[in-house]
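Peer 1: Mind looking at a prediction? Sequence and model below.
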Amino acid sequence: MSALKLQSTVTSFRMLTPTVFELKFRPDHPIEFKGGQFVSVMIPGAGPKGRNLRRAYSIASPPENPNTSIQEIELCVKIVDGGSGSTYLSKLRPGDQFEAAAPYGAFVYQTSSERNACFISTGTGVAPFRSIVFSKDYQAAPPKKAWCLFGARTEDEILYDDEFSKVSDVEWVTCVSRPTPEFKGFKGRVTDILRNMEKDFPWKETDFYLCGNGAMITETKDFLMNEKGVEKSALLLEVYFKPEDPENNDVS
Ligand SMILES: Cc1cc2nc3c(=O)[nH]c(=O)nc-3n(C[C@H](O)[C@H](O)[C@H](O)COP(=O)(O)OP(=O)(O)OC[C@H]3O[C@@H](n4cnc5c(N)ncnc54)[C@H](O)[C@@H]3O)c2cc1C
């Protein structure tokens, strides 16, 4: 599957949370991709001396057979203050066109049916897991057991709760690191959920897929390898960004 240049037409735009939007688009020709891969979007004129920039966005929708339907692809994007890529996409509306290329990436499902899978994300890092868990490939050959741990900073930033909580063979667990006093769910970070797992959690029989904030990924990886003896080969990582700004250093 080599990446193809796509002229894309926006079909819908809607806010999923106060800071995250869903963008659906149709590429001018169908593409084959695997759950977990991403598109590279061209941001016109946003670079130095008016050059174009590129930004990566995970595909949030499952792969469809490109030959059987008019393909529609979904992205799930956080609006970053002053960020050229996320701001550009946030202004697109149905009928607008943009340029992209896809598919890219090796963050794809690769667990055998004898092992378990634990998908761990913060914020929009849940996007590739939505593409994987709702894909026909995954559903045809699921892992022995699956967990999907999701962390948000505030409860109104929890994504896809209604969809994941309905999937019977995936244990969906959310946590919030800076909840309001009314919040009744799990308070803390994804590493706190891991620390709270049952004593007999099968650490060594599980593949861990980590996606989102780089600080969360480093902390989670250190915990799994140093405290639970998880092998490096059982970890798959997709780092969205490495925060330079202490405000973005929240590992929720
Ligand atoms: C493989 C890959 C897949 C990605 N998929 C997605 C995706 O599905 N959805 C998505 O929203 N982003 C995703 N990103 C991040 C995305 O590529 C951009 O970095 C992000 O949109 C910010 O770009 P910008 O030009 O708006 O801001 P920039 O000016 O480039 O970034 C400013 C700062 O924003 C912070 N930041 C970047 N991304 C995020 C984020 N998602 N949440 C909170 N803070 C952030 C960082 O501290 C960064 O330094 C992905 C990144 C990679 C590498």
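Peer 2: Here it is on my side, so go on. What you see is a predicted model, and the numbers here were worked out from it, not measured in a lab.
Peer 1: Where does this structure get nearest to the ligand, residue-wise?
Peer 2: In the chain, the residue that lies nearest the ligand is Gly83 (2.2 Å; CB to the nearest ligand atom). C-beta coordinates here come from the backbone N, C-alpha and C atoms, glycine included.
Peer 1: what residues are up against the residue nearest to Leu4 when sequence neighbours are not counted?
Peer 2: The shortest distance from Leu4 to any non-neighbouring residue, by CB to CB, 6 or more residues apart in numbering, is to Ile31 (5.8 Å). Neighbour list for Ile31: 4, 6, 66, 71, 73, 102-103 [criterion: CB atoms under 8 Å, 6 or more residues apart in numbering].
Peer 1: quick one: least confident of these?
Peer 2: Within the contacts of Ile31, the minimum per-residue pLDDT falls on Pro66 (56).
Peer 1: immediately after the helix or strand bottoming out on mean pLDDT in the chain, which helix or strand?
Peer 2: The helix or strand of the chain with the lowest confidence, counting by mean pLDDT, DSSP states H and E, is helix 136-140 at a mean of 94. Counting by DSSP states H and E, the next helix or strand C-terminal to helix 136-140 is strand 146-152.
Peer 1: What helices and strands are in contact with that following strand?
Peer 2: strand 116-122, helix 127-133, strand 170-176, helix 190-195 (3 or more CB pairs under 8 Å, 6 or more residues apart in numbering; DSSP states H and E).
Peer 1: Wait, a helix at Gly125?
Peer 2: Yes: Gly125 sits within a helix when classified using DSSP: H, G, I helix; E, B strand; the rest coil.
Peer 1: Val173 pairs with what?
Peer 2: Leu149 (DSSP bridges).
Peer 1: how close does it sit to Arg93?
Peer 2: 35 Å (CB to CB, to the nearest Å).
Peer 1: Pick out whichever of those two has more residues nearby.
Peer 2: Using other CB atoms under 10 Å as the criterion, Val173 and Arg93 rank with Val173 on top: 21 against 9.
Peer 1: and after the biggest strand by length in the chain, which helix or strand comes next?
Peer 2: When the chain is parsed with DSSP state E, its longest strand is strand 4-15. The first helix or strand that comes after strand 4-15 along the chain, using DSSP H and E, is strand 20-27.
Peer 1: Each with direction, which strands does that following strand pair with?
Peer 2: For strand 20-27, pairing defined by DSSP bridges yields strand 4-15 (antiparallel), strand 73-78 (antiparallel).
Peer 1: just the ones you listed: most buried one?
Peer 2: Comparing these by mean neighbour count (mean count of other CB atoms under 10 Å), strand 73-78 ranks first with a mean of 23.
Peer 1: That one close to the ligand?
Peer 2: Yes: using CB under 6 Å from any ligand atom, strand 73-78 reaches the ligand at 76-78.
Peer 1: Can you tell me the element Gly85 falls in?
Peer 2: Element membership for Gly85, per DSSP H and E: helix 84-90.
Peer 1: Check which helices and strands that helix is in contact with.
Peer 2: Using 3+ CB pairs under 8 Å, 6+ apart, helix 84-90 is in contact with strand 20-27, strand 38-43, strand 53-58, strand 73-78.
Peer 1: Tell me which residues of that helix come out buried.
Peer 2: Residues of helix 84-90 classed as buried: 85-86, 88-90 (neighbour count, 16 or more other CB atoms under 10 Å).
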